[in-house]
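Asks: Predicted model, plus sequence, below.
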Amino acid sequence: MAGDIVSIHSFRGGTGKSNIAANLAAVAALDGKRVAVMDTDMASPGIHIIFGKGRQRLEHTLNDYLRGECDIGDACLDLTRELGIKKGKLYLIPSSMSASDITRILREGYEVSDLRNGFNDVIKEKKLDYLIIDTHPGLDRETLLSMATADFLFVVARVDEQDLLGTAATLSVARKLQVPDIHIVINKKPKIYEDADIIRQVETKFKAKVATIIPLLPLLIEAGSRYVVTLRHPDSPFTRKMMELYEVIQ
C-alpha cells in the first residue's frame, strides 16, 4: 500500500508550519512509521535547520533532483540514528539555502511533473508510510500540486485576520482540487482567546474541522527552531498537540 501524502500549508509565512511538519514527522517515526519530510519551499527553505543541518553542507538537495543532477533517493537524508529514533525511520529531503540555487530555481523554474514524480518515487523507494510536505506559503504551482496529491491537508493559521482570510482562500482552492481530508491548525494562540470559542467560530465560518489549537508556548520561543521539540521534550504540551495531529492521519 502506498504511503499517504500529508501537506502542511499556510497562506502567509511565519505561522510555524515548518516546525509543525518536522515535529509531526518525528512523532510518527517514534511510533514506528517510515516518514520523510520534503521541503518544497524553495524560495525560503529552512526545515533542515530544525533537524540540526543548518550549518552543514548538504551534498544533494531537492533543487539538484529537479535539475536532473541526482535521483530523489540521493537527496534523501536518513536522520533516524542521529535523532535517536528506535523503531521507525525519518528521512529529510531538503531544499538548498544557497543564494545561487534559490535565484536559479526562481529564474528558471522546473517541470512540476518532476516534482510529482519525486513524491511518488520517494514513497516507493523508501517504503514510506507518510510523506510530509512543507509547502511554500501562499498559492503557487508547487502548493497546488502538493494539495492536489495530498491525502491530508493541514492549513496552519494564527488568530489573525490576514491569516484567516488567506485560510478561506486556501480552503476554497483545496475543495476545488477535491483534497479528501482537510483540517485547520490554529498556532501561536494568545492566552486571551478561549479554545472553545475559536473552534466554534472557525468551524462555523470555514466548514472545516480544527485539528488542534497550539498556544503561544515559551518552550517554542526558547527552542527558536534549533531542534525538534517533540524529541527533546516528549512530555511537553506541544508534544501532546503534535500527538493530536498524528491521530488525525492514522
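Replies: That came through, no problem.
Asks: surely P94 meets I47?
Replies: Yes. Counting by CB atoms under 8 Å, I47 is a contact partner of P94 at 7.0 Å. Using the backbone N, CA and C atoms, a C-beta is placed for each residue, glycine as well.
Asks: A helix includes T212, no?
Replies: No. The assignment for T212, made by DSSP: H, G, I helix; E, B strand; the rest coil, is strand rather than a helix.
Asks: Tell me the secondary structure of the nearest residue in space to it that is not next to it in sequence, please.
Replies: Nearest residue to T212 in three dimensions, chain neighbours excluded: E244, at 4.2 Å (CB to CB, 6 or more residues apart in numbering). Per three-state DSSP, the local secondary structure of E244 is helix.
Asks: would you list every one of the strands in the protein?
Replies: Taking DSSP state E to define them, one finds strands in the chain at 4-9, 34-39, 77-78, 89-93, 130-134, 152-157, 182-189, 209-215.
Asks: Serialize the ones you listed to TSV and add fields for mean pLDDT.
Replies: Shown next, in TSV, are the strands of the chain (pLDDT from 0 to 100):
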stretch	mean pLDDT
strand 4-9	97
strand 34-39	98
strand 77-78	96
strand 89-93	98
strand 130-134	97
strand 152-157	97
strand 182-189	97
strand 209-215	97
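Asks: can you tell me how far the residue of the chain most remote from its centre sits from P215?
Replies: In the chain, the greatest distance from the average C-alpha position (CA atoms, centre = their mean) is reached by I192, at 27.4 Å. As for I192, its distance to P215 is 11 Å (criterion: CB to CB, to the nearest Å).
Asks: cool, I85 as well?
Replies: Separation of I85 from P215 (CB to CB): 27 Å.
Asks: And for N63?
Replies: Using CB to CB, we find N63 at a distance of 36 Å from P215.
Asks: Check K53 too.
Replies: Distance from K53 to P215, by CB to CB: 28 Å.
Asks: Any idea which helix or strand in the chain has the lowest mean pLDDT?
Replies: The helix or strand with the lowest mean pLDDT-type score in the chain, counting by mean pLDDT, DSSP states H and E, is helix 141-148 (a mean of 86).
Asks: Against which helices or strands is that helix packed?
Replies: Under the contact criterion of 3 or more CB pairs under 8 Å, 6 or more residues apart in numbering; DSSP states H and E, helix 141-148 touches strand 4-9, helix 112-125, helix 161-176.
Asks: Can you tell me, leaving aside adjacent residues, what's nearest to G118?
Replies: Among residues not flanking G118 along the chain, I72 sits closest, at 4.7 Å (CB to CB, 6+ apart).
Asks: Can you name the residues that contact the one you found?
Replies: I72 is in contact with Y65, I93, N117, G118, D121, V122, E125, counting by CB atoms under 8 Å, 6 or more residues apart in numbering.
Asks: Which single one of those is nearest to Y227?
Replies: When the contacts of I72 are compared for distance to Y227 (CB to CB), I93 wins out at 19.4 Å.
Asks: Can you name the residues bridging to the closest one?
Replies: Beta-bridge pairing of I93 under DSSP bridges involves M38.
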